[in-house]
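Peer 1: next one to model:
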Amino acid sequence: MSQFPLTNDELLAQAPALFTEEPHYDVSDKYHFIPTINVIEEIRANNWYPVSVSEASVRDDDKQGYQQHLVRFRHFDDLLHPQENAVELLLFNSHDRSKSFSISAGIYRFVCSNGLVIADSVFQTYKIKHLGEKDNDVAYAVTQITAIKPKLMRKIEQLESIKLSELEKESFAKSSIPLRFDKHLQVNHADLLIPHREEDREDDLYTVMNVIQENLLRGNVSGINKETGRRFTSKEIKSIGKDVDVNKGLWDIAERIASIKQPQMAIAA
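Peer 2: Numbering: from 1, shown residues only. The predicted structure follows:
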């Protein structure tokens with residue numbers, strides 16, 4: 001994750017699929033193709049700049065250059081004056097129909113270099129079908145995310161204000177296990193609560209969520225395969241889709257915990 005905007009040369013080097021000029025040959029004639037770089041330029045024009053990019057690995061060589069990709073953007077104000085947490089704009093796309101064109105919201109936490117993805121229950125994902133159409137164009141989606149930035153920052157403050165007991169933290173960790181591990185894989189939920197830095201030795205809901213997220217995504221969690229009896233160690237999640245699913249699932253669990261601990265917070269949201 002760069003603290004400075006990525007240039008087009010850097011984007012090309014890291015994710016060539018952003019610059020693909022035609023869709024994969026398997027898509028139908030009805031498929032409306034939009035080069036991802038065109039949308040990136042429009043987002044830049046709205047004062048958001050790309051700071052991170054990734055593209056999915058492919059099994060079929062003929063899908064190379066058309067696969068799913070993700071670009072994370074940060075607002076000019078947050079680049080100029082970095083804070084502990086920054087609202088991000090997430091652009092998803094593919095050129096083989098494996099992922100629709102969409103814009104979502106995320107949070108970047110500088111202390112752990114973690115990028116969260118906001119659950120759909122907190123912020124609506126905007127689908128991009130055609131450039132220039134009012135209800136689904138890029139400018140409209142960017143405007144909505146820009147407008148919600150203060151609300152998302154207040155949401156973080158609310159989550160930070162909620163303190164969890166040891167039993168509540170354990171319940172959060174247990175609830176998160178299915179987001180990452182299948183039923184036949186048994187792990188110790190306590191391992192998901194191990195902080196990796198001094199700043200994360202806190203009991204608030206936001207910090208606990210980030211600790212669990214880091215352990216789920218970065219791997220190195222040991223467990224047992226109940227079907228084979230073999231021990232295993234989880235690997236880092238590199239799949240864009242799985243990363244997003246885990247993130248959104250954690251946000252949903254955190255929202256449910258918040259609604260139990262502070263019912264008025266759910267009403268306010």
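
Peer 1: just the strands in the stretch 51-200 of the chain please.
Peer 2: Listed in chain order, the strands of the stretch 51-200 of the chain (DSSP state E, counting those that start in this stretch) span 69-75, 85-93, 102-109, 114-117, 126-127, 185-187.

Peer 1: Glu198: which of these is closest?
Peer 2: Glu198 sits nearest to strand 102-109 of all these, at 14.8 Å, using Cβ to Cβ. (Each C-beta comes from the backbone N, C-alpha and C, glycine too.)

Peer 1: now the angle between strand 69-75 and that closest one, please.
Peer 2: 60 degrees (axes from the mean of the first three to the mean of the last three Cα atoms, to 10 degrees).

Peer 1: other SSEs contacting strand 102-109?
Peer 2: Using 3 or more Cβ pairs under 8 Å, 6 or more residues apart in numbering; DSSP states H and E as the contact test, the elements touching strand 102-109 are strand 69-75, strand 85-93, strand 114-117, strand 126-127, helix 138-161.

Peer 1: so how far is that strand from its chain's centroid?
Peer 2: Taking the mean of its C-alpha atoms, strand 102-109 sits 6 Å from the chain's own mean (Cα atoms, centre = their mean, to the nearest Å).

Peer 1: what bits of the stretch 51-200 of the chain have low per-residue confidence?
Peer 2: Counting by pLDDT under 70, the stretch 51-200 of the chain shows low-confidence ranges at 58, 60-65, 97-98, 112-114, 120-122, 128-137.

Peer 1: could you measure from Val39 over to Phe92?
Peer 2: As judged by Cβ to Cβ, to the nearest Å, Val39 and Phe92 stand 11 Å apart.

Peer 1: mutual contacts of the two, please.
Peer 2: Phe101 (Cβ atoms under 8 Å, 6 or more residues apart in numbering).

Peer 1: can you list the strands of the stretch 51-200 of the chain in a markdown table and add mean neighbour count and distance to Ile162?
Peer 2: As requested, the strands of the stretch 51-200 of the chain are exported to a markdown table (neighbours: other Cβ atoms under 10 Å; distance: least, Cβ to Cβ, whole Å):
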| stretch | mean neighbour count | distance to Ile162 |
| --- | --- | --- |
| strand 69-75 | 24 | 26 |
| strand 85-93 | 23 | 16 |
| strand 102-109 | 22 | 16 |
| strand 114-117 | 22 | 16 |
| strand 126-127 | 16 | 29 |
| strand 185-187 | 16 | 25 |
